[in-house]
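Chemist: Quick check, what structure comes out for this input:
(chains A and B)
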Amino acid sequence: MKNRSLVSINDYTKKEWIILLDLAEKFEKNPRQKILENYVVATLFFEPSTRTRLSFESAATRLGAKIVGFTDSSSSSVKKGESLNDTILTVSNYSDIIVMRHPRDGSARYASEVSPIPIINAGDGANQHPTQTLLDLYSIRKTQGTLDNLNIAFIGDLKYGRTVHSLVIALCEFNTTFHLVSPVELKLPSYVKQHIKNNNLKYYQYTELNEVIPKADILYMTRIQKERFLDPIEYEKVKNAYVLKNSMLEKAKDNLKILHPLPRVNEITIDVDANPKAYYFQQALNGVYVRQALLASILGVK
Amino acid sequence: MNKIRKELKVSAIENGTVIDHIPTKSVFQVIRILNLDNIENQVLFSTNLDSKKYGKKGLIKVSDKYFKPEEVNKIALVAPSATLIEIKDYQVRLKKSVEIPKQIFKFVKCVNPNCITNYENITTKFDVSIEDNGDIKLWCKYCDKYTAKDNIVFI
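Modeler: Numbers count the residues shown, from 1 in each chain, chains lettered A, B, ... in the order given. The predicted structure is shown next:
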């Protein structure tokens, strides 16, 4: 992976994902190592994403790297009309690797073409967010002991959630059985389902959350956004149908864990947080270890 | 009589290329795609000619020019039925159909309004694939979105 950009999860092979997860496990045991002391990591956030940026910066700082960058484009030369090409070429003079978040789809792929140093995509518009997929895989493996042959349920907005699409596609490599719970308006897009079919895997679609709980090893919750609905009445009808409450977890399997890419609004009630099945905050912490593994691998120190 | 009039409409060229069987509505697009509005060569074109096979057709003749396959295959997007005839000393040297290219660069716009190629000065890149109904669609190498045949806009 040395010097190779990560724009889409498919830029790396399944074998490389596993190498990264194994390395992340080592960083979890020993997260403070000054192995990147001689390196500069640029974090270019053309749109704000505090959670992702802090996770990357925490990962880099704990490994001793220095950080340069900006937190939104209004504080950078982009505001003066600089092209993405010029920003990337300039910043590449000052750093060893670029972590970039950008509001336009495809911006990270383009940056990786023009940049002389590797790019890590921290989200390009509605398109890709591969480090989220890696930390999801890490969280699933850590809580279940394996990635293979699991029953994984996705709940909520399966149409627009890019984290869902990338994770489903990645899980197709691990003989997963998929349980897809969503309102009719927000079903998983056909190109993602086609991917499941091409791998001869099973998927089941539901409109009720309750049915799926006893079957699942993982519940992957997502937020349903009001602006996704043309008709506000349709939103009012479904908004409470995909809320997970602690009382609903009685019939769940012992090994069930609840994941959520965060931020959560109301789709998981607060009383779930105390349940040992709730895993979403640890999931966010796992993001730091996965990003440490990625930075160390691409910079070639591990 | 008919035959003579047809010959007058599409006079022969000594050397060059004849692009025949172009859908009438696509003639001007073909001219743009092949950049024929910016070359020094003599270009003759016709639209709404009678065609036994297609009813109406368009035709373009370019003197003293032969196209590379990758150049001419670009027009498959708008004129998949087109035939290419290379003329040397008034004789047909080569006759071939256009082929749909595997990749397309530069001259098509990505349909995704949020694609980076619509905001920065970037050469668009697409992989071409064929749908079950035979229509082509273009997959943007940057934003991963498909542009369907009916949404193709030429830059």
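
Chemist: Only C-alpha atoms from now on, for both contacts and neighbour counts.
Modeler: Fine.

Chemist: what are the ranges of the helices in chain B?
Modeler: Using DSSP state H, the helices of chain B run over B:2-9, B:27-33, B:69-72.

Chemist: nope, the stretch 101-250 of chain A is what I meant
Modeler: A:107-114, A:130-144, A:162-171, A:190-198, A:232-238 (DSSP state H, counting those that start in this stretch).

Chemist: for the helix or strand that comes right after the last one, packing partners?
Modeler: The C-terminal neighbour of helix A:232-238 among helices and strands, as given by DSSP states H and E, is strand A:257-259. On a contact count with 3 or more Cα pairs under 8 Å, 6 or more residues apart in numbering or on different chains; DSSP states H and E, strand A:257-259 meets strand A:218-221, helix A:280-298.

Chemist: so where's the chain shaky on pLDDT?
Modeler: Assuming you mean chain A. Across chain A, nothing is flagged by pLDDT under 70.

Chemist: I was after chain B.
Modeler: For chain B, the ranges with pLDDT under 70 are B:1-11.

Chemist: which bits of it sit near chain A?
Modeler: By Cα under 8 Å from any Cα of the partner chain, the residues of chain B that approach chain A are B:114-117, B:120, B:141-144.

Chemist: Distance of the residue most central in space within chain A relative to residue A:211?
Modeler: With distances taken as Cα atoms, centre = their mean, residue A:132 lies nearest the centre of chain A, 1.6 Å away. Residue A:132 sits at a distance of 27 Å from residue A:211 (criterion: Cα to Cα, to the nearest Å).

Chemist: related to what we said a few turns ago, mind checking which of the helices of the stretch 101-250 of chain A is nearest chain B?
Modeler: helix A:107-114 (5.3 Å; Cα to the nearest Cα).

Chemist: what about the closest one and chain B, touching?
Modeler: Yes. Judged by Cα under 8 Å from any Cα, helix A:107-114 and chain B are in contact via A:107, A:109-110.

Chemist: Neighbour-wise, which one of those leads?
Modeler: residue A:107 (28 neighbours; other Cα atoms under 10 Å in any protein chain shown).

Chemist: That residue against residue B:142, yeah?
Modeler: Yes. Contact criterion Cα atoms under 8 Å: residue A:107 and residue B:142 qualify, at 7.1 Å.

Chemist: Now do the shared contacts for these two.
Modeler: Common neighbours of residue A:107 and residue B:142 (criterion: Cα atoms under 8 Å, 6 or more residues apart in numbering or on different chains): B:115-116.

Chemist: Just the closest residue of chain A to chain B, please.
Modeler: residue A:106 (4.0 Å).

Chemist: and that residue, how many neighbours?
Modeler: Using other Cα under 10 Å: residue A:106 sits among 27 other residues.

Chemist: next one: residue B:137
Modeler: For residue B:137, the neighbour count with other Cα under 10 Å is 20.

Chemist: how about the nearest residue to it, chain neighbours excluded?
Modeler: residue B:148 (4.6 Å; Cα to Cα, 6 or more residues apart in numbering or on different chains).

Chemist: residue contacts, that neighbour?
Modeler: Residue B:148 neighbours (Cα under 8 Å, 6+ apart): B:136-138.

Chemist: Just put those in TSV and tack on distance to residue A:215.
Modeler: Shown next, in TSV, are the contacts of residue B:148 (distance: Cα to Cα, whole Å):
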residue	distance to residue A:215
B:136	41
B:137	39
B:138	39
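
Chemist: from those, which is closest to residue B:106?
Modeler: When the contacts of residue B:148 are ranked by distance to residue B:106 (Cα to Cα), residue B:138 comes first, at 12.6 Å.

Chemist: how near is residue A:114 to residue A:91?
Modeler: To residue A:91, residue A:114 is 12 Å away according to Cα to Cα.

Chemist: So between these two, which is more surrounded?
Modeler: Higher neighbour count among residue A:114 and residue A:91: residue A:91, with 19 against 13, using other Cα under 10 Å.

Chemist: Provide the count of other residues in contact range of the closest residue to the more buried one other than its chain neighbours.
Modeler: Excluding its sequence neighbours, the residue lying closest to residue A:91 (Cα to Cα, 6+ apart) is residue A:42, at 7.4 Å. Using other Cα under 10 Å, the number of residues around residue A:42 comes to 22.
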